[in-house]
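Asks: Need a 3D model of the sequence below.
(2 chains)
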Protein chains: 2
Amino acid sequence: MTVSDPSVSTRRAAAQLTSDQATDLLSGPLLPDSDLTEPFPASQKVYLGGTLHPQVRVPARRVTLSPTLERLGDLTRSVPNAALLLPDTSGPFTDAAQTVDLRRGLVTARPWLADHAALDALPGRCRPELDRDGPLPFPQVPAPRRARSGQAVTQLQAARRGQITPEMEFVAIREALRQEAAFDLTHQHPGQGFGAATPREITPEFVRAEVARGRAVIPANINHPELEPTVIGRNFRVKVNANIGTSIVTSSIQEEVGKAVWATRWGADTIMDLSTGRFIHQTREWIVRNSAVPVGTVPIYQALEKVGGVAEDLTWDVYRDTLIEQAEQGVDYFTVHAGVRLAHLPLTVRRRTGIVSRGGSILAKWCLAHHRENFLHTHFAEICEIMAAYDVTFSLGDGLRPGSVEDANDAAQFAELGTLGELTRVAWDHGVQTMIEGPGHVPMQLIRENMTRQLDVCQEAPFYTLGPLTTDIAPGYDHITSAIGAAQIAWYGTAMLCYVTPKEHLGLPDRQDVRDGVIAYRIAAHAADLAKGHPGAQARDNAISRARFEFRWQDQFNLALDPFRARELHDESLPAEAAKTAHFCSMCGPQFCSMKLSHELRTPEILAGLEAKAQEFRAHGSEVYLPRPEQSGEERA
Amino acid sequence: MTVSDPSVSTRRAAAQLTSDQATDLLSGPLLPDSDLTEPFPASQKVYLGGTLHPQVRVPARRVTLSPTLERLGDLTRSVPNAALLLPDTSGPFTDAAQTVDLRRGLVTARPWLADHAALDALPGRCRPELDRDGPLPFPQVPAPRRARSGQAVTQLQAARRGQITPEMEFVAIREALRQEAAFDLTHQHPGQGFGAATPREITPEFVRAEVARGRAVIPANINHPELEPTVIGRNFRVKVNANIGTSIVTSSIQEEVGKAVWATRWGADTIMDLSTGRFIHQTREWIVRNSAVPVGTVPIYQALEKVGGVAEDLTWDVYRDTLIEQAEQGVDYFTVHAGVRLAHLPLTVRRRTGIVSRGGSILAKWCLAHHRENFLHTHFAEICEIMAAYDVTFSLGDGLRPGSVEDANDAAQFAELGTLGELTRVAWDHGVQTMIEGPGHVPMQLIRENMTRQLDVCQEAPFYTLGPLTTDIAPGYDHITSAIGAAQIAWYGTAMLCYVTPKEHLGLPDRQDVRDGVIAYRIAAHAADLAKGHPGAQARDNAISRARFEFRWQDQFNLALDPFRARELHDESLPAEAAKTAHFCSMCGPQFCSMKLSHELRTPEILAGLEAKAQEFRAHGSEVYLPRPEQSGEERA
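Replies: Next up is the predicted model:
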């Protein structure tokens, strides 16, 4: 990044801050906003320790439930309900035992990296001036490392040689939080998995086998020790990515760091820093140092900044340096648009919305300006070598994805997918973990084909899709148009969903948009887990439904994806504390509460009678259609 | 409804109003809130006239588009874009040529009813005291009518005898707004219809045939002349219902009338008045007189009010009177829970969430208290006779629908569905139009079975589902958990979707919730129309995508489902008027705008070159995988 006059840029950026903020950034601890650390209700951060690797500490959120009050005649008996462990992507920010100082970054979550024998400590970063230039230098940049020459350090390489890494044990525990024994699969509907094959218990060895097979990835750059690893693959829980990033038009570094933490608070499993504004190197440093989830980037954005925004001026050298620069910072996965080939571009001419991927359009412009093959494609092997040295995972970009319903599943899109399949094999040959990006805008009847083709062409390398949006007519609500498509494609086999916020097509998301987008996608991901029959996926549904039926309002709120919002909406109608234990709500009022009526039907006498009838029913072969009783004479009168 | 002391209730209700409001209600015109009549941007209300029935006037919203600016070298040419007609459910409220006075109600939209020879004018309503009692009497209640003895006046009966009613022509025009000739089906993906059979052009005769077959209904009570009719069936556009209604805990009549109009403004095709509070007769009068869309109710709610809320005290007489009372007011469809049979109740005992339908739980309680068959079932033939006399449509209620993922598709649910199939045949025998209500809470992999069973058991009578919600874990966001399921079940064949708002399970929806719910469901319905390949469904997507690609921001907003929200979100980042014509947005900024880059690739020279390549591609059999070019030496250097 060329900053012609650092003093000018510093002044410019500082002008965006209040003087207090500017001072905070330069000295003393910088605490996250309190809305980033507010504890979840009735929740406690716990850590589950590894057994193969005792240093492994897997975070989880333990939600305490209130007891069920059973009425037996005039007596009331209090029956305790077991606490539930929920996945927790929010990092140390919600750990009451820790105080995060953004200026120092997070403490290591991968202590085993410290004495990793196959890693070389480098004398310094390749472009140390980038760490210092600009208005907001991160105070203490960690020393970079890379694979010792000849050493194979990626998770894929380890898996192939039969090694179960600490990361593999970490993600294995994280999938079900050791609650397998408590899963009551008699209370879970069988799934329809479209070929997914998730075992009852996810062991570290199963993770290893899936990674070795290329069917799962664990994005975990060796320079990102703050990371709490996660696994992405069709046989694991569906994951969600949130995009954040400054653009030249709005936003600031502080906002974006906060947005990253905010996104993980609501459940983002990974984040992508898509900054395109100035000072993106330093923005990224703040984000990576404070991120407990994998961070992805699209390096071509920064490369373009470096050549003054002129796509034709991009060169392999600039791009390669950018890869190394970002790999040294600890970025966990790179979107690389190597599938945008010169030969595919004519296929986009008659499209309704041309090329809508930023990276895709940049590379298309380069290809056409030079009438040469995409340099990411011609240099693909070298890219693999760089990424293998840091264990950066590929996210092979879909630069030719459709930007409208009309362009879905067209020749350009599938031509690129074919190329991505070829590149997957090349990446695997180099030991680089690989996932594949997918669309975009796709009407429902065309979604399935995206998945079946991807599984086939890319040999089940994890699919990572943006939505897809199932219609173009609802700007302002595209988190919904796309959650509909996302749930379906995840059911069919997509491993990770890239969220879409309400601001899609309209502007840069703010905090509320990020929260809305992440929650919509957590819903889609979980709906898919249920539909696939992922072991234990229904436990949370069952727990919350039971709480609902028993009028344990607080438990219903606390088990919700967004407990704060659930309680807030209840408060809008019935703010009184008493209403949180009431046996009705404002929807129907006490007289019309179906659940209350259902309970009134559950007196011991009625229950005994119904149970006898139910036994009779089963004894008679569960035949529902009994002869219709005659109409009663009195009743008619 | 028994109001023991009217003066007390009047005082009580008046106390909820400001003195100005109270005066307004008693004298002078009462205008709707301005947010109910605010015109849609660049839009004009137009009416399409009938040809078979010249009195038919079908409303539509005509959206004017700005021209496309084509650049040819240094010249810019302005090419006009044709206006688009969109479906319009908002009634006279958005007609600049009309001023609605809520105290007088809407003008007739079905003038042909006035001299309908088969109708008898009744001397007065069956319970005239209900029109007067209470705090907010509707000033001038219309005189009720019913079918002359021996006359068959339902749309179903007319269709069977080969008659194309004005209502049939109305809804036929309304489906495609005479735009069939402009549909460019070469720019629409083929659909996957799961057995739907929609013709290229929807004629009045096709409507008649579908109604005669029972596969579509036109809910249109002869006492609801204010109605602009709509058709509900699997071969028509998927429709959306919005529930509104006072409950005893909150809400007021004025709020609810406003909410009904508000719901239709955002696209509700029908509304259901689910009021359970006091004065529901008069609430309903205000709503029906001011509703241009079909109004549905659940008469058992009012019957229960009449017996003081004690389910056991319900009688057939009270229920029958309530049916007649509401039919005389003009309610277009009744939810009748006649499928909740005594024999089914034991099947609910082991459920996680019991019986969650209000009507279902009321009738279950009655059945068990008396140990007798549901009186709605034993008196079903009489119910049919009453409904036929006013052409009220059945919505056969699913009182045993699942209230949690776990209870989905269980024996109780499907036992009731079987009964609904039997009742459908009985209703048809009586000439009563019939649709069937469906769940509820259903994980994705179990949704399809709901549809296939319903189509089979109920012989394609229109299915009308609530969601379904695909997971239980997101209270506060159930418009999204359920839009995911709604889009799928509508794709499979559901004819009308009952919306779910963010307040589901938590409280009574306010205006924002209603708007959010309706828009989420319009998205689901439209996504399903696209997926089924409904003729012309893609035209709006194509128009908005083209506007997006051409940076016609205003057109993008104006064509959106919610133009106000789209513009508002854009304003949050780029409020300046100039940004509404800018060739980028705040998401990426000018340098990274993929669409801008795409346009830069569309110079005449590049286009000519690409087109030549594209022709070459097609000439070579559209083979995407050409031999991989060798890596260039210079490039590698």
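
Asks: Helix or strand: which one has the residue nearest the centre of chain A?
Replies: Chain A has A:V240 as the residue nearest its centroid, 2.2 Å off, counting by C-alpha atoms, centre = their mean. For A:V240, the element it lies in under DSSP states H and E is strand A:239-244.

Asks: Could you list the low-confidence segments of chain A?
Replies: A:1-27, A:246-253, A:584-592, A:617-618, A:620-637 (pLDDT under 70).

Asks: and with 80 instead?
Replies: Along chain A, the parts satisfying pLDDT under 80 run over A:1-28, A:71-74, A:133-135, A:184-185, A:245-256, A:276-278, A:573-637.

Asks: Quick check: phi and psi at the residue nearest to A:F414 when sequence neighbours are not counted.
Replies: Of all residues not flanking A:F414 in the chain, A:R453 sits nearest, at 6.6 Å (C-beta to C-beta, 6 or more residues apart in numbering or on different chains). From N, CA and C alone the C-beta is placed, and that goes for glycine too. Dihedral pair for A:R453: phi -60, psi -40, per degrees, to the nearest 10.

Asks: neighbours around A:R453, how many?
Replies: 17 (other C-beta atoms under 10 Å in any protein chain shown).

Asks: any idea what the nearest residue to A:V340 once chain neighbours are set aside is structurally, helix, strand or coil?
Replies: Distances taken as C-beta to C-beta, 6+ apart place A:G399 nearest to A:V340, at 3.9 Å, with adjacent residues excluded. Look at A:G399: counting by DSSP: H, G, I helix; E, B strand; the rest coil, its state is coil.

Asks: which residues does the residue nearest to A:V240 when sequence neighbours are not counted contact?
Replies: In this structure, A:V240 finds its nearest non-sequential neighbour in A:Y521, 4.4 Å apart by C-beta to C-beta, 6+ apart. The contact partners of A:Y521, by C-beta atoms under 8 Å, 6 or more residues apart in numbering or on different chains, come to A:240, A:242, A:479, A:483, A:486, A:497, A:499-500.

Asks: quick one on the thing from earlier: check whether the residue nearest to A:V340 really touches A:H337, as I assumed.
Replies: Yes - if you go by C-beta atoms under 8 Å, A:G399 and A:H337 touch, sitting 4.0 Å apart.

Asks: which neighbours do those two share?
Replies: Contacts common to A:G399 and A:H337, judged by C-beta under 8 Å, 6+ apart, are A:357, A:359-360, A:363.

Asks: what does the stretch 251-400 of chain A have sitting close to chain B?
Replies: With C-beta under 8 Å from any C-beta of the partner chain as the criterion, the stretch 251-400 of chain A meets chain B at residues A:276-277, A:301, A:304, A:309, A:311, A:316, A:343-350, A:352-358, A:360-362, A:364-365, A:368, A:372-373, A:375, A:378-379.

Asks: Restricted to helices, list those.
Replies: Of these, the ones assigned to helices by DSSP state H are A:301, A:304, A:316, A:358, A:360-362, A:364-365, A:368, A:375, A:378.

Asks: Let's have those residues in JSON lines, adding neighbour count and distance to B:R127.
Replies: As requested, those are arranged in JSON lines below (neighbours: other C-beta atoms under 10 Å in any protein chain shown; distance: C-beta to C-beta, whole Å):
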{"residue": "A:Y301", "neighbour count": "25", "distance to B:R127": "71"}
{"residue": "A:L304", "neighbour count": "25", "distance to B:R127": "75"}
{"residue": "A:W316", "neighbour count": "17", "distance to B:R127": "85"}
{"residue": "A:R358", "neighbour count": "26", "distance to B:R127": "66"}
{"residue": "A:G360", "neighbour count": "30", "distance to B:R127": "68"}
{"residue": "A:S361", "neighbour count": "29", "distance to B:R127": "69"}
{"residue": "A:I362", "neighbour count": "27", "distance to B:R127": "72"}
{"residue": "A:A364", "neighbour count": "29", "distance to B:R127": "72"}
{"residue": "A:K365", "neighbour count": "22", "distance to B:R127": "75"}
{"residue": "A:L368", "neighbour count": "20", "distance to B:R127": "77"}
{"residue": "A:F375", "neighbour count": "24", "distance to B:R127": "82"}
{"residue": "A:T378", "neighbour count": "20", "distance to B:R127": "84"}
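
Asks: could you dump those residues to a markdown table with distance to B:R174?
Replies: Output for these, formatted as a markdown table (distance: C-beta to C-beta, whole Å):
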| residue | distance to B:R174 |
| --- | --- |
| A:Y301 | 48 |
| A:L304 | 50 |
| A:W316 | 59 |
| A:R358 | 42 |
| A:G360 | 41 |
| A:S361 | 41 |
| A:I362 | 46 |
| A:A364 | 44 |
| A:K365 | 46 |
| A:L368 | 47 |
| A:F375 | 55 |
| A:T378 | 57 |
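
Asks: Nearest to chain B among the residues you listed?
Replies: Proximity of these to chain B (C-beta to the nearest C-beta) peaks at A:S361, which lies at 3.6 Å.

Asks: Might one say that that closest one is in contact with A:G403?
Replies: No - with contact defined as C-beta under 8 Å, A:S361 does not count as touching A:G403 (10.2 Å).

Asks: Can you work out which residues contact both of those two?
Replies: Common contact partners of A:S361 and A:G403 (C-beta under 8 Å, 6+ apart): A:354-355, B:594-595.

Asks: For the residues you listed, pick the one with the most neighbours.
Replies: Counting by other C-beta under 10 Å, top hit in these: A:I355 with 29 neighbours.

Asks: any chance you could map the strands in the stretch 151-300 of chain A?
Replies: A:216-217, A:232-233, A:239-244, A:270-273, A:295-297 (DSSP state E, counting those that start in this stretch).

Asks: who does A:E437 bridge with?
Replies: A:Y464 (DSSP bridges).

Asks: shouldn't it be in contact with A:P468?
Replies: No - with contacts counted by C-beta under 8 Å, A:E437 stays clear of A:P468, the gap being 11.6 Å.

Asks: tell me which element whichever residue of the stretch 1-150 of chain A sits closest to chain B is part of?
Replies: Closest to chain B within the stretch 1-150 of chain A is A:L86: 9.6 Å, counting by C-beta to the nearest C-beta. Using DSSP H and E, A:L86 sits within strand A:84-87.

Asks: could you say what helices and strands that strand packs with?
Replies: Contact here means 3 or more C-beta pairs under 8 Å, 6 or more residues apart in numbering or on different chains; DSSP states H and E; on that basis strand A:84-87 packs against strand A:57-63, helix A:538-549.

Asks: Remind me what the first one packs against, helices and strands.
Replies: Packed against strand A:57-63, as judged by 3+ C-beta pairs under 8 Å, 6+ apart, are the following elements: strand A:43-49, strand A:84-87, helix A:166-176.

Asks: Tell me what angle it forms with strand A:43-49.
Replies: Counting by axes from the mean of the first three to the mean of the last three C-alpha atoms, to 10 degrees, strand A:57-63 points 150 degrees away from the direction of strand A:43-49.

Asks: what comes up buried for strand A:57-63?
Replies: Of the residues in strand A:57-63, those buried by neighbour count under the rule 16 or more other C-beta atoms under 10 Å in any protein chain shown are A:57-61, A:63.

Asks: With stretch A:449-462 instead?
Replies: A:450-451, A:453-455, A:457-458, A:460-462.

Asks: Next: stretch A:150-166.
Replies: A:152-160, A:164-166.

Asks: ends of it, how far apart?
Replies: Separation of the first and last residues of stretch A:150-166 by C-alpha to C-alpha, to the nearest Å is 22 Å.

Asks: list the contacts for the closest residue to A:R200 other than its chain neighbours?
Replies: Among residues not flanking A:R200 along the chain, A:P535 sits closest, at 5.3 Å (C-beta to C-beta, 6+ apart). Each residue near A:P535 by C-beta under 8 Å, 6+ apart is listed here: A:176, A:180, A:183, A:185, A:188, A:198-201.

Asks: got those as a markdown table, with neighbour count and distance to B:A172 columns?
Replies: Converted to a markdown table, the contacts of A:P535 look like this (neighbours: other C-beta under 10 Å; distance: C-beta to C-beta, whole Å):
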| residue | neighbour count | distance to B:A172 |
| --- | --- | --- |
| A:A176 | 23 | 55 |
| A:E180 | 16 | 57 |
| A:F183 | 17 | 53 |
| A:L185 | 14 | 51 |
| A:Q188 | 21 | 47 |
| A:T198 | 23 | 50 |
| A:P199 | 10 | 55 |
| A:R200 | 10 | 55 |
| A:E201 | 15 | 58 |
